[in-house]
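Q: only geometry, no sequence info:
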């Protein structure tokens, strides 16, 4: 059974974590729209814009495994608070830099990379914290709440606010993101869980490798993680250049781009909210097959008919599919992985899936530059269709 937080340490820890997640993701949603718009103001080269997304995910490849080992040695809420403070400071510096009219793609790459380091620490620690403060029977509901907060902030409210603020002044979205992260860090400061029973004395890298070794053994966790990697690769291939499709062929304004993403985000929010109810009525395996199929259909629709309506449907359908998939995937790991290895296995799985993201972004940017902005969407739709069929066959009970 997962370890529980000792009685009397922190008041109502899960609501605090949920509130911190809501604030963090709201600010991140504002910034996730504003940063590509800032890049598009500097260049219309799809490869360069795709490279910005790649920089954001690269820290997972470089530091994901060591971060997981460090999380298992300490208290995850501390990592979450420190990561938020660090990102708030960085975004404050970016705001000042933009006020001084100093901007370049190299600077944006550096900011995206450093923000990615903080995000890797925060996300890994958050997934390890939940089993410590939530009973096993409520894991789906707890994870659903966090994914809902992510979808509301990053896909629904954040993008709409980010597009409007960027149109008003490019510094506003980044300043707001810094404030929300700082407030989230304050909320997390009131939580305290028990640390490891015994201090670790082995090398960090050795501990990190142990988590990867557990993950690569034949079991359902490995299958789900590998499929998640492919989902990330093909989805980031088209999402990394979506801003160019929106402000180009779709003829959307900066604010219109944010509104399109916000309208589509309703699907992602709904997917996260209804997952616990779906789990009570349907088999988890078929829910995951359905998640893959939905992502495939909306990708193909946007490829065939690129307009604001299909753009919103594609964003929303993808968000819904990923929400259902992520809630079930994270809960599976929290239940199947030994508690003393959870941080490392979470980190190993996230490292693999996040490694696929920058590769997909770079591949999508290169493909769009050669074959057009809709080419990554066609590839993603076909690949996800094949993946849904393969998972349905591969995950059949013995």
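A: All right, it came through fine. Source: prediction; values computed, not measured.
Q: Which residues outside stretch 383-398 are in contact with it?
A: Applying CB atoms under 8 Å, 6 or more residues apart in numbering, the contact partners of stretch 383-398 are 220, 223, 227, 230-231, 234, 285-286, 288-289, 292-293, 295-296, 299. Glycine gets a C-beta too; all of them are placed from N, C-alpha and C.
Q: Quick check: next helix or strand after the helix or strand residue 358 falls within?
A: Element membership for residue 358, per DSSP states H and E: helix 342-371. Moving toward the C-terminus from helix 342-371, the next helix or strand (DSSP H and E) is helix 375-394.
Q: which parts of that following helix are buried?
A: Along helix 375-394, these residues count as buried under the neighbour rule (16 or more other CB atoms under 10 Å): 375-381, 383-385, 387-388, 391-392.
Q: Tell me the buried residues in stretch 48-64?
A: 48-61, 63-64.
Q: and which of these is nearest residue 72?
A: residue 64 (13.3 Å; CB to CB).
Q: I'd like the distance between the closest one and residue 82.
A: Between residue 64 and residue 82 the distance is 17 Å, computed by CB to CB, to the nearest Å.
Q: per-residue confidence at residue 208?
A: At residue 208, the pLDDT value in this model is 69.
Q: got the contact list for the nearest residue to residue 369 once chain neighbours are set aside?
A: Closest residue in space to residue 369, ignoring its immediate chain neighbours: residue 46 at 4.7 Å, by CB to CB, 6 or more residues apart in numbering. With contact set as CB under 8 Å, 6+ apart, residue 46 has these partners: 241, 244, 365-366, 368-369, 373.
Q: Give me the buried positions along the strand or helix carrying residue 231.
A: When elements are assigned from DSSP H and E, residue 231 belongs to helix 220-239. Neighbour-count burial for helix 220-239, counted by 16+ other CB under 10 Å, picks out 221, 224-239.
Q: same check, this time on stretch 245-265
A: 245-247, 250, 252, 254-265.
Q: Among the residues you listed, which lie within helices?
A: Where the buried residues of stretch 245-265 overlap with helices, as defined by DSSP state H, the overlap consists of 245-247, 254-265.
Q: distance between stretch 312-330 and the chain's centre?
A: From the chain centre to the centre of stretch 312-330 is a distance of 11 Å (CA atoms, centre = their mean, to the nearest Å).
Q: chain center to stretch 361-378, what's the gap?
A: From the chain centre to the centre of stretch 361-378 is a distance of 21 Å (CA atoms, centre = their mean).
Q: Now tell me what touches that stretch from outside.
A: If you take CB under 8 Å, 6+ apart as the criterion, stretch 361-378 is touched by 45-51, 53-54, 57, 233-234, 236-241, 244-245, 248-249, 299-300, 302-303, 306, 314, 379.
Q: cool, stretch 146-155 as well?
A: Outside stretch 146-155, the residues touching it (CB under 8 Å, 6+ apart) are 17-18, 21-29, 32, 126, 130, 261-262, 264-265, 268-269, 271-273, 275, 315-316, 319, 323, 326-327.
Q: Please render the buried residues of helix 375-394 as JSON lines that adds pLDDT and distance to residue 351 to the earlier fields.
A: Below are the buried residues of helix 375-394 laid out as JSON lines (pLDDT from 0 to 100; distance: CB to CB, whole Å):
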{"residue": "375", "pLDDT": "95", "distance to residue 351": "28"}
{"residue": "376", "pLDDT": "95", "distance to residue 351": "23"}
{"residue": "377", "pLDDT": "96", "distance to residue 351": "27"}
{"residue": "378", "pLDDT": "96", "distance to residue 351": "29"}
{"residue": "379", "pLDDT": "95", "distance to residue 351": "24"}
{"residue": "380", "pLDDT": "96", "distance to residue 351": "22"}
{"residue": "381", "pLDDT": "96", "distance to residue 351": "27"}
{"residue": "383", "pLDDT": "95", "distance to residue 351": "21"}
{"residue": "384", "pLDDT": "96", "distance to residue 351": "22"}
{"residue": "385", "pLDDT": "96", "distance to residue 351": "27"}
{"residue": "387", "pLDDT": "93", "distance to residue 351": "20"}
{"residue": "388", "pLDDT": "94", "distance to residue 351": "25"}
{"residue": "391", "pLDDT": "89", "distance to residue 351": "21"}
{"residue": "392", "pLDDT": "88", "distance to residue 351": "27"}
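Q: and residue 240, how many residues sit next to it?
A: Per other CB atoms under 10 Å, the neighbour tally for residue 240 reads 30.
Q: Which secondary structure element is home to residue 170?
A: When the helices and strands are read off by DSSP H and E, none of them contains residue 170.
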